[in-house]
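**Q** one predicted model, sequence on top.
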Amino acid sequence: MTALLEIDELYAGFGAAQVLHGVSIAMTRERLALVGGSGAGKSLIARAVLRLPPPGAWLKGRIAFEGIDLAHADMRALRGRRISWIAQDPRLSLNPVMRVGAQIEEGLHLHRRLRGRAAREAALALLETVRLSEPARVHGLYPHELSGGMGQRAMIAMMLAGEPDLLIADEPTSALDASTAMQVLDLLDELVERRGMGLLFISHDLRLVEGFCDRVAVIEAGRIVETCAASALAASRHPYTSRLLAARPRLAP
Amino acid sequence: MIAADGIVVRRGGRDVVRGVSFAVEQGGALGIVGESGSGKSSLLRALAGLELLAGGALTVDGASVAALGLRARGRVMQLVFQDPYDSLHPRQTVARALAEPALVHRLDNPAARVVAALDAVGLDARFRFRFPHQLSGGQRQRVAIARALMLEPRLLLLDEPTSALDVLAQAELIELLRRLRRERGLAYLLVTHDLAVVAQLVERVAVMQEGRFVETIDTEALRAGAAYHPHTQALIAASQGFRRRAR
Amino acid sequence: MTAAAEAVPGSNLAARIAAWRETARTLAGNRAALAGVVIVLVLALMALMAPLLAPADPDVQNLAQRLAPPSAHHLLGTDELGRDILSRILFGSRATLAVVAAIGLSVPAAGLAIGCLAGMSGGFVDLVLMRTADVFLAFPRLILALALVAAMGPGLSHALIAIGLAAWPPYARLARAETLALRGRDFIAAARLGGASPARILVHHIAPLCLPSLVVRASLDMAGVILTAAGLGFLGLGVAPPTAEWGAMIAAGRRFVLEQWWVAAAPGVAIAVATLGFNLLGEGLRDVLDPRQR
């Protein structure tokens, strides 16, 4: 079976500063977590897959999605349609001057060729899927009128419009409080399961992904230092992994 | 040492804090937890003097704080902001930013105080002449704490100090805050949405929902899950981490 | 990382200098901006060293040699009074530089002060200052300058006052907008908690952050200022003759533009190049200064 996503010896950096030193990751339709401290290069990997490097960044290495080499692929056909992305702060990733409904319908138009009433109905259906209690009302709101949790759900709705096979979630709950984060994760859990998507979950919180993902890849200073099943994390001997696990405070010991 | 009675804060025509009362003794620590929108940050900012109180009284050692100007208040309590990327002036070096309170209050030997403050937060003196954009989030937060310590306040108001940091930086900052409190006998008023973090730093926790304290509970009881109010219980459940449901 | 990047500054001044060097390096990497810098420097040099560079006295008339085409003796030809055009161009740059220096240094500073004050004070002070700015803003710049010069009489200083009065409102509005945005930021709140008075916050914390956008605006504005000054000169309302001034030179050369085109073309090209230089510099500065706000 071809891997869903294959990253092969990825090097990346900004000018003279090198951030990624030969990262290799392979995943099928599973939930893979990519965990490391800030500055380790996690977001850069996400952008490399989407072929949207930040200004001034260079990338080197092979990335293949379902066997297609992304260096030569038509990325606009893939982005949103086959590979989607959720960012950390919905206020920064939603267009502030477009209503939420309009943004979702734009995705529907691009990826499923829906227009007019069909698009609006599909948009409302998506907003319902992400468990927003008043889909019609949210449809007409601007991003700044949404709370963090609502914004994140709207973002998920927008990103699922194309019915992607791979979803890259870049710290999707880091900007949310604990209760909202759990709700969003529960939603993601259901959607990923129901649609059979692959999920690349980027986070700095190992304890969070332990319960959410199937496998975990730990990245330190631009290198993958360990890959293991989520269930095997607690038994990990690698010093960095242990550090990350120990760093998260616990309420009940 | 500090007592609040019936604090009301209004924002945009709404009452975001609706009658909050508490007391913190010298060297004590109170955590305030709640979800986004519960009013906890507004409460803290109002206590610091950044926003007007629409009602209620705040006293320090029995004397009303309202009479004190912002300048005098700053010697009693200081605020550490949530966003490390916004709490430092982008064009001032660390030394300049730290020296500011000392200069304003005409304290002697500002340069030496700056070095001492950096030392207290575990940053080497050579960080003095760096600009904020050259520092990591954790380092910036330490500088923010150092700045708060410059006027030697007795109370630190901490507004989600670790929320914007990754898990490693967060652990280091929690350790720093614990050490500072031990060494200097500071009182803390810590606002956060993270129960695990608050349990590390305070003895008592007030749970805030929609502008009110719905429960005040000892940290020990919180750890044991012995909470009365359903909202508290919900927060405790949320802090347990994610568990995949059978679907 | 090179060794230079690792070196830690030893003082506030050293840190500032290092930051400036970094800005200069980025600016130098932008070819268009570099061209702008070169043009502006050449203009400054021309103005300062005109007596040394000019091949002839710009005011000496030689009617026998009037309207002579460019030659080895007069590189840009002569004008209708036989004066060497190249020398007049060089000396004419002095008027241009005077205008740029006077306006470029005073107007943004005045606008910064007014705008910051308005933004910080709010209420009645803000209202009065901004409505005053609106009044001056309502007039097209050249028309206003024209009216003022017509009322006060021709002359370089009057032209400067006229242009200055017409030019300040956009800077005030820009400074006010930046001040309003900065007031709510956490680091300003921290300064307040540190005990700083509003005046201190304005001068030490807010005004320095308004500078980059004002500098960019000023550079781009200088192009327009040069044109306005040339326009006034063209209409005979600027520098008094016989002093060389590019706009006046174009006006004088208008009559001969079909046959002795060089009389008008030379100053015209000079104005165009000077304007281009400031535009390129302004755009380069914007690329360098703005994103670094964070």
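**A** Thanks, I have the structure now.

**Q** what domains does the record give for chain A?
**A** A:1-82+A:165-253, A:90-163 (automatic domain parsing).

**Q** out of these, which is closest to chain B?
**A** Evaluated with Cβ to the nearest Cβ, the domains of chain A place domain A:1-82+A:165-253 nearest to chain B, the distance being 3.6 Å. All C-beta spots, glycine's among them, are computed from the backbone N, C-alpha and C.

**Q** name the residues of stretch C:103-122 that are buried.
**A** Along stretch C:103-122, the positions that meet the burial threshold by neighbour count (16 or more other Cβ atoms under 10 Å in any protein chain shown) are C:103-104, C:107-108, C:110-121.

**Q** and which of these is nearest to residue A:158?
**A** Here the nearest of the buried residues of stretch C:103-122 to residue A:158, counting by Cβ to Cβ, is residue C:119; it sits at 36.7 Å.

**Q** do I have it right that the closest one meets residue C:174?
**A** No - applying Cβ atoms under 8 Å as the test, residue C:119 and residue C:174 come out as separate, 10.2 Å apart.

**Q** I'd like the domains of chain A as CSV, with distance to chain B, mean neighbour count and mean pLDDT appended.
**A** What follows is the domains of chain A, written out as CSV (distance: least, Cβ to the nearest Cβ, whole Å; neighbours: other Cβ atoms under 10 Å in any protein chain shown; pLDDT from 0 to 100):
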stretch, distance to chain B, mean neighbour count, mean pLDDT
domain A:1-82+A:165-253, 4, 18, 88
domain A:90-163, 6, 18, 89
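
**Q** a markdown table for the ones you listed, including distance to residue C:258?
**A** Rendered in a markdown table, the data for the domains of chain A read as follows (distance: least, Cβ to Cβ, whole Å):
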| stretch | distance to residue C:258 |
| --- | --- |
| domain A:1-82+A:165-253 | 51 |
| domain A:90-163 | 53 |
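
**Q** looking at these, which is nearest to residue B:137?
**A** Taking Cβ to Cβ as the measure, these were each checked against residue B:137, and domain A:1-82+A:165-253 came out nearest at 6.5 Å.

**Q** check whether the closest one comes near chain C.
**A** Yes - Domain A:1-82+A:165-253 lies within reach of chain C by Cβ under 8 Å from any Cβ of the partner chain, at A:16, A:17.

**Q** any idea how far stretch C:91-107 is from the middle of the chain?
**A** Centroid separation for stretch C:91-107 versus its chain: 7 Å, with Cα atoms, centre = their mean, to the nearest Å.

**Q** which outside residues touch it?
**A** Judged by Cβ atoms under 8 Å, 6 or more residues apart in numbering or on different chains, the contacts made with stretch C:91-107 from elsewhere in the structure are C:43-44, C:46-48, C:50, C:54, C:58, C:156, C:159-160, C:163-164, C:167-168, C:171, C:218, C:221-222, C:225-226, C:229-230, C:233, C:238-239, C:243-246, C:249, C:267, C:270-271, C:274, C:278.

**Q** OK, contacts around residue 52?
**A** No chain in the question, so chain A it is. Going by Cβ under 8 Å, 6+ apart, residue A:52 touches residue A:79.

**Q** any idea which element the closest residue to residue A:126 other than its chain neighbours lies in?
**A** Closest residue in space to residue A:126, ignoring its immediate chain neighbours: residue A:157 at 4.2 Å, by Cβ to Cβ, 6 or more residues apart in numbering or on different chains. According to DSSP states H and E, residue A:157 maps onto helix A:148-160.

**Q** and if you look at residue B:158?
**A** Per DSSP H and E, residue B:158 falls inside strand B:155-159.

**Q** after that strand, which helix or strand is next?
**A** As the chain continues past strand B:155-159, the following element, by DSSP H and E, is helix B:167-184.

**Q** distance from the chain centre to that following helix, please.
**A** On the basis of Cα atoms, centre = their mean, helix B:167-184 is displaced by 13 Å from the centre of the chain it belongs to.

**Q** tell me which element residue 181 falls in.
**A** No chain was given, so I picked chain A. Using DSSP H and E, residue A:181 maps to helix A:178-195.

**Q** wait, chain C was what I had in mind.
**A** helix C:156-183.

**Q** moving C-terminal of that helix, what's the next helix or strand?
**A** According to DSSP H and E, the helix or strand after helix C:156-183 is helix C:186-193.

**Q** how about that next one and chain B, touching?
**A** Yes - using Cβ under 8 Å from any Cβ, a contact is recorded between helix C:186-193 and chain B, made by C:186, C:187, C:189, C:190, C:191, C:192, C:193.

**Q** can I get the CA coordinates of that helix in CSV?
**A** These are the backbone C-alpha positions of helix C:186-193, laid out as CSV (Å, rounded to 0.1, in the frame of the first residue of the first chain):
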residue,chain,number,x,y,z
ASP,C,186,0.6,45.5,26.6
PHE,C,187,4.0,47.0,26.7
ILE,C,188,2.4,50.5,27.0
ALA,C,189,0.3,49.2,29.9
ALA,C,190,3.4,47.9,31.5
ALA,C,191,5.0,51.3,31.2
ARG,C,192,1.9,52.8,32.9
LEU,C,193,2.2,50.3,35.7
